[in-house]
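Undergrad: The following comprises the amino acid sequence and a computationally predicted model.
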Amino acid sequence: MSKQESGATALTLHEAAQLLAGEFATVHDAEVALAHAIQCGELHANIMRWASEQWDGKQLPGNINRLETHIERSDLDAWRAGRSSPRA
């Protein structure tokens, strides 16, 4: 059963970045943007962090674990809409 079939709305940070990939040069760039938004309080997430000695792959700001940090789809959509709206 897929996440959508089970009604789950949370995405991993990596899954969210894959959805945004067309808006950034790479998926990693999207991951970094999401991590920055989480760190700055612009995007709510259930955060899991790596200990420095556990790090796997390219590091994200705040040692955020891209596979175990979860973002609600509605929060991602709201953050995305806020990024694309013109600022006064």
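TA: In hand now; what should we look at? Residues are numbered from 1 along each chain as shown.

Undergrad: Burial check on the nearest residue to residue 43 once chain neighbours are set aside, number of neighbours?
TA: Spatial nearest neighbour of residue 43, chain neighbours left out: residue 37 (3.8 Å); criterion: Cβ to Cβ, 6 or more residues apart in numbering. Backbone N, C-alpha and C define where each C-beta goes, glycine included. For residue 37, the neighbour count with other Cβ atoms under 10 Å is 21.

Undergrad: give me the element residue 37 is part of.
TA: Assigned by DSSP states H and E, residue 37 belongs to helix 27-39.

Undergrad: Going by neighbour count, which residues of that helix are buried?
TA: 28, 30, 31, 32, 33, 34, 35, 37, 38 (16 or more other Cβ atoms under 10 Å).

Undergrad: how near is the fifth one to residue 81?
TA: When distance is defined by Cβ to Cβ, to the nearest Å, residue 33 is 15 Å away from residue 81.

Undergrad: how close does residue 58 get to residue 49?
TA: Taking Cβ to Cβ, one finds residue 58 at 15 Å from residue 49.

Undergrad: Between those two, point out the one with more neighbours.
TA: Per other Cβ under 10 Å, whichever of residue 58 and residue 49 has more neighbours is residue 49, with 13 against 10.

Undergrad: what residues are up against that one?
TA: 62, 63, 64, 65 (Cβ atoms under 8 Å, 6 or more residues apart in numbering).

Undergrad: mind listing what the third one touches?
TA: Contact criterion Cβ under 8 Å, 6+ apart gives 13, 35, 38, 39, 47, 48, 49, 50 as the residues in contact with residue 64.

Undergrad: hmm, back to that, read off the pLDDT value for the residue nearest to residue 43.
TA: Per-residue pLDDT puts residue 37 at 97.

Undergrad: and the helix holding residue 37, how far out from the chain's middle?
TA: Offset of helix 27-39 from its chain centre (Cα atoms, centre = their mean, to the nearest Å): 6 Å.
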